[in-house]
Structure formats: C-alpha cells, structure tokens
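**Q** 3D, please:
(one chain, ligands or ions: 1)
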Amino acid sequence: MKKEVMLVTGAGQISMAIARRMGFGRKVILGDKKKENADAIAKIMNDAGFDVVPMEMDLSSRESILTLIAEGQKYGEIKMLVNGAGVSPSQAPVEAILKVDLYGTAVLLEEVGKVIAEGGTGVTISSQSGWRMPALTAEQDELLATTPTEELLKLAILQPENIRDTLHAYQMAKRCNEKRVMAESVKWGERGARLNDIAPGIIVTPLAIDEFNGPRGDFYKNMFAKCPAGRPGTADEVANVAELLMSPAGAFITGSTILMDGGATASYFYGPLKPEQ
Ligand SMILES: NC(=O)c1ccc[n+]([C@@H]2O[C@H](COP(=O)([O-])OP(=O)(O)OC[C@H]3O[C@@H](n4cnc5c(N)ncnc54)[C@H](O)[C@@H]3O)[C@@H](O)[C@H]2O)c1
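**A** Purely as a prediction, here's the structure:
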C-alpha cells in the first residue's frame, strides 16, 4: 500500500520528537551518518507503532541525499521533511561544520524541493547561535540565500581566513540555513508546499548533558539561570513548534525561522546575559 512519506535526517532527540509528533500513519525514512543511531531510534519508534526505515546517509553528500529521497519514493509521495542532522561546534572542525550544516542542508532543501508533494511541509533546525552573530550585510545575506549550492563553499566569507573558529563556522552555517529557507520556500511554494526553520536554544539531549557536566558546564548553568524561562528546553517543545509549522494551523507560515530559546537571545541583547563590554 502506498503511504505518505516523511524524510528525516539525523537520528537525534529533536528529529525523533518531531517524527513521533507528525510521522504517525506515514512511512518514515530515517537517515543518519551513524547507522547505529538510525537503528536505535527506528527500534524505539517501531516498537511504539510507527513505520520507520533506518538508513545510513551523509548530509554532506548530494549523492547520499538523492539515495534517501529515492528510497522514500519507493513507498509513495514525499509529504514531509525533517532535517535534524548536524554537527555542533564542539564536535567537529570548521570544514566539517560548513560541509554538513551549511552545504548539506542547502542541498537537502534544494533536492527535496524538486520532489515535495503538493501540500507538503518541511522543517530544518538551525540554532539561536545564528542570532548572536552581528548582522551581515544585505549583499552577504543574499549570497548565502541564493548562491548555487555547488558554489556556496567557495564564497569569500566562508574561506578559512574569514572564519575565526568552530563557533563562528556554526553561526555562519545556521545563518545560512535561515536564508536558504527563505529562498527555497519561494520554490517550494510553486509546488504548493511550505518550508520553515526552527532556531532552538539549548535543548536537553545526551550531548547537551555531557556539556552541562563538562568544562563549560558553568557557562550553561549561568545561561539557564539568567534567561527568562530559567531552564533549558526539551525536544518535545521543539516538536510543539514543528507541529504548528507542519500542520494546517501553520498554513500561512512559510520561509520563516521561529526562535525558541526560553528568551536567552533576548537576555543576551537586553538583559542579564548581555556580555560585559
Ligand atoms: N541540542 C541542542 O541544544 C540544539 C540547539 C540548537 C540547535 N540544535 C541543532 O539541532 C539539530 C539536531 O541536534 P540534536 O541535539 O538532536 O543532535 P544529536 O547529536 O542528538 O543528533 C544529530 C544526529 O545527526 C547525525 N549526523 C551528524 N552528521 C551527519 C551527517 N553528515 N549526515 C547525517 N547525519 C549526521 C549524528 O550522527 C546524530 O545522530 C542540529 O542541527 C543542531 O545543530 C541543537
């Protein structure tokens, strides 16, 4: 029997929370660079009545993205996309962050945008981190939004001499995600589909818990204490936002980034989290 298909990249907590919220009754194709991660999440979900096919896939490879899409098309129309794959500043060097988070996301949005079904919806996950970087020029923003995917990593602003460290690379990648979502949403719209982005603050995951207990633990505890929510977020709260964006209630929302960070960014600019001059 043909089913609507949901493509999910990155078998982490955020992807799983969204897939559990929106993936019922659908064929879920779950790709991760680490097959064991995809297998583990697929087992949890299949044991709970979902229909998940785990796959090995690499977001930084167009060929791998096309294989994921082709696998999905075996089962039916591609109706949903959740991009929760990514590497963080403490996990990977600059080059890998740009290749996975920036280039890979851009290629995924482009390729799924060529096949997404009418009425389809997609979400990608950027980060509050992109909101802390000073504004880029209008020209730089446009380059990030519209440069052809195979030219993106050649942009002057992304060359090693212009990227300070892995955090800067991550911020540029996440800013690029927001801009690509705007530009791609126009093309998705021509197919009757919508595309949005969620920029979460700190969300509790196994990796985040390691960070809380690691050398930068005090930095995080200070951030939670001084943001309006007074705590980190949960993956299920990211799924709350994804549910709005991916359901008919969000029909007028496309090309948007929703910042959800417990107010940490607000506090960073105008409250007690503001860095001392
Ligand atoms: N957890 C947070 O606090 C937080 C906050 C803001 C943004 N984010 C973003 O949310 C997304 C998901 O984060 P998470 O916390 O669920 O992380 P996670 O580490 O739990 O999951 C990410 C998954 O992506 C996979 N992955 C890494 N590189 C890949 C590649 N090249 N191809 C395919 N899969 C790959 C990893 O193997 C991992 O299973 C990331 O983009 C991250 O930057 C997370």
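**Q** show me where the stretch 1-150 of the chain has helices.
**A** For the stretch 1-150 of the chain, the helices identified by DSSP state H, counting those that start in this stretch occupy 13-22, 35-46, 62-73, 94-97, 105-113, 129-132, 138-146, in order along the chain.
**Q** helices and strands around the first one, which ones?
**A** It stands for helix 13-22. strand 5-9, strand 27-32, helix 35-46, strand 78-83, helix 235-246 (3 or more C-beta pairs under 8 Å, 6 or more residues apart in numbering; DSSP states H and E). Yep, even glycine has a C-beta here, placed from its N, CA and C like the rest.
**Q** ranking these by burial, who's on top?
**A** For the helices and strands packed on helix 13-22, the largest average neighbour count (mean count of other C-beta atoms under 10 Å) is found in strand 5-9, namely a mean of 29.
**Q** So what's the gap between that strand and the chain middle?
**A** Distance of strand 5-9 from its chain centroid, counting by C-alpha atoms, centre = their mean, to the nearest Å, is 13 Å.
**Q** Could you find the closest non-adjacent residue to R62?
**A** With sequence-adjacent residues excluded and distances taken as C-beta to C-beta, 6 or more residues apart in numbering, R62 is closest to V107, at 5.1 Å.
**Q** quick one: pLDDT of R216?
**A** Note on R216: pLDDT of 78.
**Q** and it, how many residues sit next to it?
**A** Other residues within reach of R216 by the criterion other C-beta atoms under 10 Å amount to 11.
**Q** Distance of D58 relative to M133?
**A** D58 sits at a distance of 27 Å from M133 (criterion: C-beta to C-beta, to the nearest Å).
**Q** typed the wrong thing, it's R175
**A** For R175, the distance to M133 under the criterion C-beta to C-beta works out to 6 Å.
**Q** and the two? which has more neighbours close in?
**A** The residue with more neighbours, out of R175 and M133, is R175; 24 against 14, by other C-beta under 10 Å.
**Q** Spatially, which residue comes closest to that one, not counting chain neighbours?
**A** For R175, the nearest residue in space outside its immediate sequence neighbours is G130; the separation is 4.3 Å by C-beta to C-beta, 6+ apart.
**Q** How about the residues of the stretch 51-200 of the chain by the ligand?
**A** Taking C-beta under 6 Å from any ligand atom as the criterion, the neighbours of the ligand within the stretch 51-200 of the chain are 57-60, 84-88, 100, 125, 127, 200.
**Q** please redo it, this time with the cut-off set to 5 Å
**A** Residues of the stretch 51-200 of the chain lying near the ligand by C-beta under 5 Å from any ligand atom: D58, L59, S60, G84, A85, G86, V100, I125, S127, P200.
**Q** nearest to L245, of the residues you listed?
**A** I125 (11.4 Å; C-beta to C-beta).
**Q** So what pairs up with the closest one in the strands?
**A** Here I125 sits in beta bridges with I198, as judged by DSSP bridges.
**Q** What is the burial count for it?
**A** Residue crowding around I125 was assessed by other C-beta under 10 Å; the count is 26.
**Q** how about it, what does it touch?
**A** Remark: with contacts taken as C-beta atoms under 8 Å, 6 or more residues apart in numbering, I125 is in contact with I14, N83, G84, G86, D197, I198, A199, P200, V238.
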